[in-house]
Every structure is written in C-alpha cells, then in structure tokens.
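[1] this one's structure only:
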C-alpha cells in the first residue's frame, strides 16, 4: 500500500493553487484595467489641454515625462504583484507536501516556515 | 611467502571487498521509505524563497491618510488658482510633501528580498527589451514600486506648487495633476495591500 495517495496530493495542490490564482488574477486584472484606462484618459486630457492653451509649455513637458514614468511604474507594479503571487503559490505547494509527508510517515517534522 | 599463499591472499582480499559491497548494497536496499521521504523533506525545506517584501499595515494606513490629505489639497485648487493668494496654500503644499516624503522613506526602509534566479530573469527580460530599443524597463528589484509611486506623487505636488506660485495653475492643469496622482496612489495601495496574503 502506497504511503502517499498521489492522486489526492495532486488534487490538494490543484485546489489550493486555483484558489490563490483565482483571487490574485481578479485583483491584477482590475488593477491593469484601471491603469490602462487611466493612461488613455490622461493622454487625451493632456492633448486637449495643450491644443486649447490651458497647459503651459513647462507643464506640457512635465506631463509628457509623467506619461512615460507612469507606464514604467505600472509595469514594475505588475511585476511586483506577479512575484507576490508566485511566492504564495510556492509556499502553498510546499506546505501541502510537507503536511502530506508528515501525516504519511508519522514523523513529527519541524514546523514549516514560509518566507 | 609462497606463490599459492600470495594468490590466496589476493583472492581473499577480493572476496572481502565483494562481501563488503554486498553488505553495503543490502544496507542501501534496507534504507526505509521513511528515510527517503525525510531526505526529500530536508531538501524541500531549503527550497522556500522570498520574492516579495513583508506586508506592513502601518504603510497601508499611512498611504490612506496621506492620500486623503492630498485629495483635500486638490479639491481646494480644483477650479484653478490665482498666485495672489498662493501664500494661503503654501503651508498645505509643504505639509502634504513632507508627509509623502516620510512615507517614501518608511517604504524604502523595509528590506527588499533578493533572489538570484529572479534577478537573472529580470536581467534577461531587460536585455530583450533593450534589443527592441525599449531601454531598461523592469527595475522592480531595486525599489518597491509603491516607493517609486510616492516619489512621483511628490514630483507632481512640487510641480503643482510651482505652477500655483507662477499663476499658471488652470482647472485643466489641476485635472491632469489629479489624474496622475490618483493612478500613482492606485499603484502604491494595490501593491501594498496585495502583500497581505
């Protein structure tokens, strides 16, 4: 008789990772949508302000630089969010394996400390 | 020693070595599944990684309170301003800038994890982007994106203060400033809250 039910282990891992991914993807999707819409609206507003003379040349240059910086940090924020998701997934998978081994062997393993 | 004795010694030595190997093999075969699993566990315990900084509720709270004060300032200048009464608003600008800079310092003071594998992936990604003339795009390993977002908000408030003093802060200009500030606060708050698993 196998010490570990492999099918059950796989199912446990799948359930846990799906939960994490589902929640995280929803947050990331919403964030991306807000940022991309915001970037588009800002671009239109700046263009309109420049052509109507409401935006001075100094502010125009500043705003155009800001469009680049905003897009740049949007990418960096996305990368940061993805890294946090990967870390959560990794910790969840290792934690499930740890618990399965502990139950299967009856060996009291040292507590798993996710980082 | 005669030749037969030497030959026997030789054979005996070889026999001893064979027997030892067999014993060793038996020992290896006799290692229980528990020990193999334990080895896997020990191996896995060294595999945990840290890819994101630790969640800090104080940072989230300070982000919320600072954003409130920033939007109060923006509401006050939303219809454009005259530089004649700039002195009435100067303290408010300085207060908001001071709080934002303190918040940026707080975020930067939190340790950022570094992972060699991730650093390599980011390096490769930036190389590909450079090859497409995009330049270095991903800099997330050096500074938290929330800290960068706050630094950019400070730049916006400073530019707004300069415009106000110069008498060029129109309603449209304020609207553009507000748009950038909202998006940067969104980046900072979304990132910081996301760290709370």
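    Yes, it's here. Quantities reported herein were computed from a predicted structural model and do not represent experimental measurements.
[2] thought residue A:41 was touching residue B:180?
    No - contact between residue A:41 and residue B:180 fails when scored by Cβ atoms under 8 Å: they sit 10.9 Å apart. Every C-beta, even on glycine, is put in place using the N, C-alpha and C of the backbone.
[3] how far away is residue A:68 from chain B?
    The gap separating residue A:68 from chain B is 10 Å, by Cβ to the nearest Cβ, to the nearest Å.
[4] in what helix or strand does that residue lie?
    Using DSSP states H and E, the element containing residue A:68 is helix A:57-105.
[5] more neighbours, residue A:41 and residue B:180?
    Using other Cβ atoms under 10 Å in any protein chain shown, the more surrounded residue of residue A:41 and residue B:180 is residue B:180, with 25 against 13.
[6] report the buried residues of the helix or strand containing the more buried one.
    Element membership for residue B:180 (DSSP H and E) is helix B:171-194. For helix B:171-194, the neighbour count (16 or more other Cβ atoms under 10 Å in any protein chain shown) marks B:172-192, B:194 as buried.
[7] stretch A:23-37 now?
    A:24, A:28, A:31, A:34-35.
[8] just give me the closest of the residues you listed to chain B.
    residue A:31 (4.9 Å; Cβ to the nearest Cβ).
[9] contacting residues around that closest one?
    Applying Cβ atoms under 8 Å, 6 or more residues apart in numbering or on different chains, we find residue A:31 in contact with A:77-78, A:81, B:186, B:190.
[10] coming back round to it: show me how far the helix holding residue A:68 is from its chain's centre.
    Helix A:57-105 has its C-alpha centroid displaced from the chain centroid by 4 Å (Cα atoms, centre = their mean, to the nearest Å).
[11] any idea of the mean pLDDT for that helix?
    Helix A:57-105 carries an average pLDDT of 92.
[12] and that helix, what does it pack against?
    helix A:6-52, helix B:33-45, helix B:145-166, helix B:171-194 (3 or more Cβ pairs under 8 Å, 6 or more residues apart in numbering or on different chains; DSSP states H and E).
[13] could you pull up phi and psi at residue B:132?
    phi -100, psi 20 (degrees, to the nearest 10).
[14] can you give me the neighbour number for it?
    Counted with other Cβ under 10 Å, residue B:132 comes out at 7.
[15] how much space between it and residue B:121?
    Residue B:132 sits 17 Å away from residue B:121, going by Cβ to Cβ, to the nearest Å.
[16] ditto for residue B:86
    49 Å.
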